[in-house]
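S.K.: Prediction below, plus the sequence it came from.
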Amino acid sequence: MARIRFRNVRHAYPPPKGQDPVYALNEINQVWEDGGAYALLGPSGCGKTTLLNIISGLLTPSEGEILFDGEEVTHFPTSRRQIAQVFQFPVVYDTMTVFDNLAFPLRNRGMAETLVKERVEQIAQMLDLTANLKKRAAGLTADGKQKISLGRGLVRSDVNAILFDEPLTVIDPHLKWQLRSKLKELHQQVGVTMIYVTHDQVEALTFAEKVVVMYDGLVVQVGTPVELFNQPRHTFVGYFIGSPGMNVFSCRVDGGQPVFHNNLLKTSHRVKGELHGKLEVGVRPEFIEFARDGIPVRIEKIEDLGRYQVLTLTHESEIIKMVIKEDQDIPAENPRIQFDPDHTRIYCDDWLVEETIHA
Ligand code: ADP
Ligand code: MG
């Protein structure tokens, strides 16, 4: 097992003739601690697969270095890295039995057959594949094949890390939930570093201790689910985490405080000094409440989601999402709202302005 470190890693795929390279990864500096459970979360095309392939050695980055426990491995082939990788779509040998598929990574490293048997049976049991061990992989459903792929990723105990690249995409929703819990359980048992890629926030938040949020070739924030919720460092984290996502409004800043359509907003994160760039104020729908002397709004829509309600409000031309408990009253006339000062934050060019004075 190893601590994995990226130092100034950038990657551009070879561009079409005559065009400039576009970076799929921009300046990644990250440390994945030994034994951690990480989720890599971001929209399609943000660079997640590129990053995994750089860890496993399928890809050499255009710039920068990768270190395993302090040793540089940037130019090591995959075989020298001891990384298990599970891809989005099943990679199985159709003509082999399920047993032989699972045994493959172990036999490949010359493990004694009695140990192979023991380990394969253990993994098969965990993934509910025991009854299929003697069957040919070709006869299995897509779910079954992907379970073999997962099993092949999990079967070795001598790996530095296991990388999962959206491994549950082809799996039906119920089984998905089961497998995700199994992976988490397994992580707790064996403690090997796991990096789990997904574009699904629920999946990321349930699997991981630390969520690494990527956007446009950059890691924009690493944090626990609570940190990502309470303190989004980038407007993208605000939008992407939470449902509905954070409200982000264009604003100006006066005396360190945000001004939203001529309403001076209270914030406990008053900004120091001058700001240059696109200025926005962010507040999550959960941190808005009705208040007698607040900002006047119109209620456009009320969605009842059981334990809470999602309100769509407007002020001037701005759409505001608000979340309240199911039993909370909605003013019948002249509704006005206020934002929780502890959760009202200023963003400059999409990044949280961190230089603040606590008011
Ligand atoms: P993700 O896994 O987050 O969806 P990828 O790492 O696959 O993202 O892709 C990141 C960017 O790199 C995308 O813009 C994608 O089009 C581009 N890309 C990925 N693979 C290749 C490739 N083999 N050749 C050229 N461009 C690629
Ligand atoms: Mg991908």
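M.R.: Received it, and whenever you're ready, just let me know what you need. Ligands and ions are numbered 1, 2, ... in the order given.

S.K.: neighbours of the closest residue to ligand 1 within the stretch 251-359 of the chain, just the number please.
M.R.: For the stretch 251-359 of the chain, the nearest residue to ligand 1 under the criterion C-beta to the nearest ligand atom is D350, separated by 18.7 Å. All C-beta atoms are positioned from the backbone trio N, CA, C, and that covers glycine. Neighbours of D350 under the rule other C-beta atoms under 10 Å: 18.

S.K.: just I320 next, same as before
M.R.: The local packing of I320 (other C-beta under 10 Å) involves 21 other residues.

S.K.: i'd like the first residue to be 312 from this point on
M.R.: Got it, first residue is 312 now, which makes that one I631.

S.K.: Run me through the strand neighbours of the helix or strand harbouring it, direction for each.
M.R.: In this assignment (DSSP states H and E), I631 forms part of strand 629-636. Sheet neighbours of strand 629-636, with direction, are listed as strand 619-626 (antiparallel) (DSSP bridges).

S.K.: what pLDDT, on average, does the helix or strand containing Q532 get?
M.R.: Using DSSP H and E, the element containing Q532 is strand 529-534. The average pLDDT for strand 529-534 rounds to 96.

S.K.: Give me every residue in this protein lying close to ligand 2.
M.R.: By C-beta under 5 Å from the ion, the residues of the chain that approach ligand 2 are 359-360.

S.K.: tally of neighbours for the closest residue to T578 other than its chain neighbours?
M.R.: In space, and not counting its chain neighbours, T578 is closest to T655: 4.3 Å by C-beta to C-beta, 6 or more residues apart in numbering. Using other C-beta under 10 Å, T655 has 23 neighbouring residues.

S.K.: these two touch, right, T655 and V582?
M.R.: No - the pair formed by T655 and V582 falls short of the contact definition of C-beta atoms under 8 Å, at 11.4 Å.

S.K.: Before we move on, what's the pLDDT of the residue nearest to T578?
M.R.: T655 carries a pLDDT value of 96.

S.K.: How about the contacts made by it?
M.R.: Shown here is T655, whose contacts under the criterion C-beta atoms under 8 Å, 6 or more residues apart in numbering are 569, 576-580, 592-594, 598.

S.K.: thinking again about what came up before, buried ones in the strand holding I631, by neighbour count?
M.R.: Of the residues in strand 629-636, 631-635 count as buried by neighbour count, 16 or more other C-beta atoms under 10 Å.

S.K.: And for stretch 553-562?
M.R.: Neighbour-count burial for stretch 553-562 flags 553, 556-560, 562 (criterion: 16+ other C-beta under 10 Å).

S.K.: Any idea how many residues pack against A423?
M.R.: 10.

S.K.: care to break the protein down by domain?
M.R.: 315-546, 555-669 (automatic domain parsing).

S.K.: that older thread, report the mean per-residue pLDDT for the very next helix or strand once past the strand holding I631.
M.R.: Heading C-terminal from strand 629-636, the first helix or strand you meet, by DSSP H and E, is strand 647-650. The predicted model assigns strand 647-650 a mean pLDDT of 97.

S.K.: elements contacting strand 647-650?
M.R.: Counting contacts by 3 or more C-beta pairs under 8 Å, 6 or more residues apart in numbering; DSSP states H and E, strand 647-650 is packed against strand 599-607.

S.K.: Quick one: name whatever helix or strand follows the strand it packs on.
M.R.: Heading towards the C-terminus - elements assigned by DSSP H and E - strand 599-607 is followed by strand 609-615.

S.K.: what lines up beside that following strand in the sheet?
M.R.: Strand 609-615 has the following sheet partners, assigned by DSSP bridges: strand 619-626 (antiparallel).

S.K.: on that earlier part again, including distance to ligand 1 and secondary structure, could the buried residues of stretch 553-562 go into JSON lines?
M.R.: Conversion of the buried residues of stretch 553-562 to JSON lines gives the following (distance: C-beta to the nearest ligand atom, whole Å; DSSP: H, G, I helix; E, B strand; the rest coil):
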{"residue": "G553", "distance to ligand 1": "20", "secondary structure": "coil"}
{"residue": "G556", "distance to ligand 1": "19", "secondary structure": "coil"}
{"residue": "M557", "distance to ligand 1": "22", "secondary structure": "coil"}
{"residue": "N558", "distance to ligand 1": "26", "secondary structure": "strand"}
{"residue": "V559", "distance to ligand 1": "23", "secondary structure": "strand"}
{"residue": "F560", "distance to ligand 1": "28", "secondary structure": "strand"}
{"residue": "C562", "distance to ligand 1": "31", "secondary structure": "coil"}
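
S.K.: As TSV, the residues you listed with pLDDT would be great.
M.R.: TSV is the format used below for the buried residues of stretch 553-562 (pLDDT from 0 to 100):
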residue	pLDDT
G553	91
G556	96
M557	98
N558	98
V559	98
F560	97
C562	96
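
S.K.: Tell me the one among those residues nearest to ligand 2.
M.R.: Proximity of the buried residues of stretch 553-562 to ligand 2 was ranked by C-beta to the ion; the top entry is G556 with 21.9 Å.

S.K.: For the closest one, give me its contacts.
M.R.: If a contact means C-beta under 8 Å, 6+ apart, then G556 has 549-550, 595, 632 as its contacts.

S.K.: Recalculate using a threshold of 10 Å.
M.R.: Each residue near G556 by C-beta atoms under 10 Å, 6 or more residues apart in numbering is listed here: 512, 543, 546-550, 593, 595-596, 632.

S.K.: Tell me the one of these nearest ligand 2?
M.R.: For those, the nearest to ligand 2 is Q512 (16.0 Å; C-beta to the ion).

S.K.: residue contacts, that closest one?
M.R.: Counting by C-beta under 10 Å, 6+ apart, Q512 makes contact with 350, 352, 522, 524, 536, 539, 551-554, 556.
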